[in-house]
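1. just the structure for this:
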Amino acid sequence: MSEGLRDLLLRWGRASHVVKPISLPKSKAVEVATCIINGETLDPRPTENLNKLNSLLFRCSKNNDFSQLTSTNWRNSPLALNGQQSLLTDITLLQRYLKELENRIRVRILRYLAIIYLDTFSADSQSTKHIANFLQRYADKMGPIWLSARNEHCIFSPAQTIPHLANLLATQVGPATLADTFSACGLHRSIAQSNVGLFAFEQAVRSITDNFKRLEGIHATRTIIALSVNKEGSLIFGGGSKVINILCNALLLPFSHASPSAEQRTEIEAFLLKHLKDPRLNAACWNGASYEAREVMLRWLTKQSLELFLEIVDNVVNTSEDAKRMWQNRKRLWRSYLSKGFIDQAWVVLGRDGEEYAKKISSQPGQSQLSYGRLFHSTDVVKHIALMMKIDSVIVVDWSHLGKCHIWPEKDPSAPAFYHISYSKIQLERGSEISFAHDVHGTWMKKVTTEIFRRTGRQAT
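-> All right, here's what the predicted structure looks like:
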């Protein structure tokens with residue numbers, strides 16, 4: 001070693017500042033290449049016309065002559081298995097294709113075939129079983145992530161993979177999305193967007209709710225909600241009817257004959273109203289939901305409308321002691337009908353002060369969006385509030401302040417219609433068959449309950 005170099009090393013060893021090694025940024029090209037090798041990403045979908053390839057592939061399989069297929073055709077062939085002339089519905093043709101494919105094994109072909117397997121998965125399908133057997137044999141050529149999926153998660157064993165994946169989803173420690181849960185287990189992200197992911201989601205939710213019979217605790221509720229949305233906060237699988245059916249059954253059917261905790265109900269209501277809107281105003285958004293699940297939601301919203309009316313009158317309208325005293329009796333009356341399940345529908349119509357108060361409630365964290373009608377014309381359009389109710393075969397409209405309580409037969413054409421966006425006072429009173437003026441002593445309530453009982457047989461008190 002030269003004297004100069006030795007002197008330099010001694011000086012460096014005695015340096016007061018530690019020299020840190022230089023860290024070079026990771027190469028993006030190396031990262032992408034590593035992901036491709038591991039099978040963590042998919043090659044871009046082909047630009048080849050898959051409809052034409054589907055027809056060609058079907059013809060070749062039918063004639064058992066694949067000589068017309070080019071190397072590009074073969075590379076993209078798995079993506080053309082399902083189409084107008086599907087090989088997946090004719091096992092003989094599928095078997096011929098898979099036998100020929102054994103002589104042309106390539107990584108991209110296998111990964112494309114895996115995507116078709118996931119997208120068209122059905123545990124009882126013969127085509128699913130044949131493709132699964134094929135991929136089972138060649139998973140070691142697809143990259144570590146697919147090999148792990150085969151060995152650790154039974155992904156190519158149709159009878160085992162759904163129960164296994166569903167258990168991963170149902171037993172997660174903290175609520176997470178479908179994609180994040182699978183990713184944490186080392187599974188390919190495409191599984192969360194496939195038929196396999198949908199079946200696993202359904203079985204997991206059924207497991208959590210004991211086949212839609214029980215939903216115990218806020219953790220279980222939050223787990224189902226987390227699984228049903230993607231990272232962007234939208235419903236998985238585009239919020240299709242199958243997802244809506246599973247989700248509504250899971251969150252609502254357990255409460256057909258039971259009551260959720262206040263925390264559960266608030267979170268479920270807020271979630272469903274955000275994604276599916278109010279079924280009274282947007283019935284089409286609920287087309288995938290079962291009748292029984294919709295009935296639970298409508299029952300909750302009926303209670304919500306009544307409680308909104310009561311709360312706003314309590315906090316906005318009643319100012320005098322006489323008004324407050326009279327209001328307490330009216331509150332007990334309508335809550336009595338509600339608690340006995342006699343109020344089939346309810347809708348509240350708010351003046352300007354009431355609407356401002358409702359907006360304040362809706363803006364609170366975790367609060368569901370409130371639905372109501374607006375009062376655009378009245379003797380006091382600022383303060384007045386009306387409550388519309390359907391009790392069996394009669395329509396009842398009760399007012400804040402000293403407005404009368406009006407009653408119509410349900411089939412009366414002059415009876416006000418529910419769930420409109422705006423009303424005038426005339427619309428909410430016109431043509432009523434009978435009306436009762438409020439009084440401080442509450443004698444009007446006896447008249448109202450007697451009239452409702454006479455017409456419906458429903459006795460609240």
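2. now residue 385: how far from residue 398?
-> Applying C-beta to C-beta, to the nearest Å, the value for residue 385 to residue 398 is 10 Å. Glycine gets a C-beta too; all of them are placed from N, C-alpha and C.
3. which of the two has more neighbours?
-> A side-by-side neighbour count of residue 385 and residue 398, using other C-beta atoms under 10 Å, places residue 385 first with 28 against 22.
4. wait, what's in contact with that one?
-> Residue 385 is in contact with 309, 312-313, 316-317, 348-351, 354, 375, 399-400, counting by C-beta atoms under 8 Å, 6 or more residues apart in numbering.
5. what about those residues, which one has the most neighbours?
-> Going by other C-beta under 10 Å, residue 349 tops the contacts of residue 385 with 30 neighbours.
6. please name the bridge partners of that residue.
-> residue 373, residue 386 (DSSP bridges).
7. hang on, isn't it packed against residue 381?
-> No - with contact defined as C-beta atoms under 8 Å, residue 349 does not reach residue 381; the gap is 10.8 Å.
8. identify the contacts common to the two.
-> Common neighbours of residue 349 and residue 381 (C-beta under 8 Å, 6+ apart) are residue 375.
9. nearest residue to residue 117 other than its sequence neighbours?
-> Leaving aside its sequence neighbours, residue 117 sits nearest to residue 131 (C-beta to C-beta, 6 or more residues apart in numbering; 4.7 Å).
10. please apply the same query to residue 340.
-> Counting by C-beta to C-beta, 6+ apart, the residue nearest residue 340 is residue 460, at 6.1 Å.
11. how many other residues sit next to the one you found?
-> For residue 460, using other C-beta under 10 Å, the count is 20.
12. now swap in residue 145 and tell me
-> Residues lying near residue 145 (other C-beta under 10 Å) number 17.
13. and the helix or strand hosting it, what other elements does it pack with?
-> Per DSSP states H and E, residue 145 falls inside helix 144-153. Contact analysis of helix 144-153 by 3 or more C-beta pairs under 8 Å, 6 or more residues apart in numbering; DSSP states H and E lists helix 107-119, helix 158-170 as its packing neighbours.
14. compare those and give me the one nearest residue 303.
-> Residue 303 sits nearest to helix 158-170 of all these, at 30.6 Å, using C-beta to C-beta.
15. what angle do that closest one and helix 144-153 make?
-> 90 degrees (axes from the mean of the first three to the mean of the last three C-alpha atoms, to 10 degrees).
16. list the buried residues for helix 158-170?
-> Going by neighbour count (16 or more other C-beta atoms under 10 Å), the buried part of helix 158-170 is 158, 161, 162, 164, 165, 166, 168, 169, 170.
17. could you point out which element follows it?
-> helix 178-184.
18. who touches that following helix?
-> With C-beta under 8 Å, 6+ apart, helix 178-184 has contacts from 165, 168-169, 172, 176, 188-189, 191-193, 197, 200-201, 227, 230-231, 236.
19. helix or strand: which one has the residue nearest to residue 340?
-> Per DSSP H and E: nothing holds residue 460, as it lies in no helix or strand.
20. lowest mean pLDDT among the helices and strands of this protein, which one is it?
-> helix 28-38 (a mean of 45; mean pLDDT, DSSP states H and E).
21. so how far is the following helix or strand past that helix from its chain's centroid?
-> Using DSSP H and E, the helix or strand that follows helix 28-38 towards the C-terminus is helix 50-63. Centroid separation for helix 50-63 versus its chain: 38 Å, with C-alpha atoms, centre = their mean, to the nearest Å.
22. what is whichever helix or strand comes after helix 50-63 packed up against?
-> Sequence order places helix 71-76 as the next helix or strand after helix 50-63, per DSSP H and E. Secondary-structure packing of helix 71-76 (3+ C-beta pairs under 8 Å, 6+ apart): helix 50-63, helix 107-119.
23. so which of those helices is the most packed in?
-> helix 107-119 (a mean of 20; mean count of other C-beta atoms under 10 Å).
24. run through who's touching that one.
-> 39, 42-43, 74-79, 81-82, 101, 128, 131-132, 134-135, 138, 141-143, 146, 156, 190-191, 194-197.
25. put the buried members of these into a PyMOL selection.
-> Burial among the contacts of helix 107-119 is assessed by 16+ other C-beta under 10 Å; the matching PyMOL selection reads:
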select buried, resi 39+42+74+75+76+77+78+79+81+82+101+128+131+132+134+135+138+141+142+143+146+156+190+191+194+195+196+197
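26. which strand or helix spans residue 408?
-> strand 405-409.
27. can you spell out which helices and strands pack onto the helix or strand following that strand?
-> For strand 405-409, the succeeding helix or strand toward the C-terminus, using DSSP H and E, is strand 422-424. Contact partners of strand 422-424 among helices and strands, from 3+ C-beta pairs under 8 Å, 6+ apart: strand 373-377.
28. what is the mean pLDDT for the strand it packs on?
-> Over the span of strand 373-377, the pLDDT mean works out to 89.
29. tell me the domain boundaries of the protein?
-> 27-156, 159-289, 301-456 (automatic domain parsing).
30. now distance to residue 295 too, for those domains, in TSV please.
-> Output for the domains of the chain, formatted as TSV (distance: least, C-beta to C-beta, whole Å):
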stretch	distance to residue 295
domain 27-156	31
domain 159-289	8
domain 301-456	10
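31. count of neighbours near residue 267?
-> Residue 267, neighbours per other C-beta under 10 Å, totals 19.
32. pull out the buried positions in stretch 144-152.
-> So stretch 144-152, judged by 16+ other C-beta under 10 Å, has buried residues 145, 146, 148, 149, 150.
33. circling back to that earlier point, sort out which of the contacts of helix 178-184 are buried, if you could.
-> 165, 168-169, 172, 176, 188-189, 191-193, 197, 200-201, 227, 230, 236.
34. from the residues you listed, which is closest to residue 55?
-> Checking the buried ones among the contacts of helix 178-184 one by one against residue 55 (C-beta to C-beta), the nearest turns out to be residue 193, at 27.0 Å.
35. any idea what residue 396 is bridged to?
-> Under the criterion used (DSSP bridges), residue 396 bridges to residue 389, residue 407.
36. how far off centre is the helix or strand where residue 196 lies?
-> If you go by DSSP H and E, residue 196 is part of helix 195-208. Centroid displacement of helix 195-208 relative to its chain, using C-alpha atoms, centre = their mean, is 13 Å.
37. just after it, pick out the following helix or strand.
-> Assigned by DSSP H and E, the successor of helix 195-208 is helix 218-227.
38. list the buried ones in that following helix?
-> For helix 218-227, by 16+ other C-beta under 10 Å, it's 220, 221, 223, 224, 225, 226, 227.
39. how about stretch 230-249?
-> 230, 235, 236, 237, 239, 243, 244, 245, 246, 247, 248, 249.
40. want to throw those residues into JSON lines with pLDDT and secondary structure?
-> Output for the buried residues of stretch 230-249, formatted as JSON lines (pLDDT from 0 to 100; DSSP: H, G, I helix; E, B strand; the rest coil):
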{"residue": "230", "pLDDT": "93", "secondary structure": "coil"}
{"residue": "235", "pLDDT": "96", "secondary structure": "strand"}
{"residue": "236", "pLDDT": "95", "secondary structure": "helix"}
{"residue": "237", "pLDDT": "93", "secondary structure": "helix"}
{"residue": "239", "pLDDT": "92", "secondary structure": "helix"}
{"residue": "243", "pLDDT": "96", "secondary structure": "helix"}
{"residue": "244", "pLDDT": "96", "secondary structure": "helix"}
{"residue": "245", "pLDDT": "97", "secondary structure": "helix"}
{"residue": "246", "pLDDT": "97", "secondary structure": "helix"}
{"residue": "247", "pLDDT": "96", "secondary structure": "helix"}
{"residue": "248", "pLDDT": "97", "secondary structure": "helix"}
{"residue": "249", "pLDDT": "97", "secondary structure": "helix"}
